[in-house]
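Q: need a structure here:
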Amino acid sequence: MDLVVIGLGYVGLPLVREACRAGLHVGGLDRDARVVAGLKAGLSHIDDVSPAQVHDMLAAGFTPSLDDTVLEGARTVVICVPTPLSPDGGPDLTAVRGAAETIARRLEPGMLVVLESTTYPGTT
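A: Numbering: from 1, shown residues only. Next up, the predicted model:
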């Protein structure tokens, strides 16, 4: 897998679309079973990506998954999970931490990990 995107929402799914258009072999990891099932069926849950584009992505080899084994052998992983505001007004990093823990279980030498989610300097 050239690229795995964790979080297939309004940031992650357009990234997958563009990576597929560039000819990359792309996997996606999301914890929402409805999102993954919808994508596998060719449906889009965000306005910026049409169902026709999802069909094109699938035809290009896009593999949406609930299973972190999609990370095995990935050259690059991009974290695009939500970071809502916490009660104290800063970003809630629960999803970022969860994604990092998931990646850590599958991390391999040479794997590039990019944090795309909104956060503050020093998080990583």
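
Q: Check G61 and give its pLDDT.
A: Reading off the per-residue confidence, G61 sits at a pLDDT of 96.

Q: Now do the strands in the chain.
A: Assignment of strands within the chain using DSSP state E yields the ranges 3-6, 26-29, 63-65, 76-79, 112-115.

Q: Quick check: which of these has the most neighbours on average?
A: Neighbour counts (mean count of other Cβ atoms under 10 Å) averaged over each of these peak at strand 3-6, with a mean of 28. C-beta: built from backbone N, CA, C; applies to glycine.

Q: who does that one touch, helix- and strand-wise?
A: Contact here means 3 or more Cβ pairs under 8 Å, 6 or more residues apart in numbering; DSSP states H and E; on that basis strand 3-6 packs against helix 12-21, strand 26-29, strand 76-79, helix 94-106.

Q: Please compute how far the longest one lies from its chain's middle.
A: The one in question is helix 94-106. Taking Cα atoms, centre = their mean, to the nearest Å, one finds the center of helix 94-106 at 12 Å from the center of the full chain.

Q: would you put the C-alpha positions of it in PDB?
A: Output of helix 94-106 as PDB, limited to C-alpha atoms (Å, rounded to 0.1, in the frame of the first residue of the first chain):
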ATOM      1  CA  THR A  94      -8.600  11.300  22.000                       C
ATOM      2  CA  ALA A  95      -8.900  10.300  18.300                       C
ATOM      3  CA  VAL A  96      -5.400  11.400  17.500                       C
ATOM      4  CA  ARG A  97      -4.000   9.400  20.400                       C
ATOM      5  CA  GLY A  98      -6.100   6.400  19.300                       C
ATOM      6  CA  ALA A  99      -4.800   6.700  15.700                       C
ATOM      7  CA  ALA A 100      -1.200   6.900  17.000                       C
ATOM      8  CA  GLU A 101      -1.600   3.800  19.100                       C
ATOM      9  CA  THR A 102      -3.100   2.000  16.100                       C
ATOM     10  CA  ILE A 103      -0.200   3.000  13.900                       C
ATOM     11  CA  ALA A 104       2.400   2.100  16.700                       C
ATOM     12  CA  ARG A 105       1.200  -1.500  16.500                       C
ATOM     13  CA  ARG A 106       1.900  -1.700  12.800                       C
END
